[in-house]
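**Q** sequence and predicted model, in that order:
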Amino acid sequence: MREILRTNDAVLVSAITALLDGAGIEHLVFDQNMSVLEGSLGVLPRRVLVADSEEAAARRLLVEAGLGHELRPDNA
């Protein structure tokens, strides 16, 4: 699995997961439920991960959707 996105913006995570779902790209969102521990402050970022084999397709999809600036560097 490769991390393609890390953000505190729950709406952005929702939009990106919807795009990935629509394209049939399997993904996982890590740390989504950490708000229980942090007190809903939004301090801990959520991470979107995709399979290594689908990373290029996921990155291309998000660039085409105008969200390329949100992507983690591909060597991170």
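**A** Now that the structure is in, tell me what you want to look at. Numbering: from 1, shown residues only.
**Q** any idea how far Leu28 is from the residue most central in space within the chain?
**A** The centroid of the chain falls nearest to Val48 when counting by C-alpha atoms, centre = their mean (2.9 Å). Between Val48 and Leu28 the distance, using C-beta to C-beta, to the nearest Å, works out to 8 Å. In this view, the C-beta of every residue, glycine as well, is placed from N, C-alpha and C.
**Q** over to Gly66?
**A** For Gly66 relative to Leu28 (C-beta to C-beta), the value is 23 Å.
**Q** and after the lowest-mean-pLDDT helix or strand in the chain, which helix or strand comes next?
**A** Lowest by mean pLDDT, DSSP states H and E among the helices and strands of the chain is helix 35-38, with a mean of 56. As assigned by DSSP states H and E, the chain's next helix or strand after helix 35-38 is strand 46-50.
**Q** who are the packing partners of the helix ranked longest in the chain?
**A** Using DSSP state H, we find that the single longest helix of the chain is helix 10-22. On a contact count with 3 or more C-beta pairs under 8 Å, 6 or more residues apart in numbering; DSSP states H and E, helix 10-22 meets strand 2-7, strand 27-30, strand 46-50, helix 55-64.
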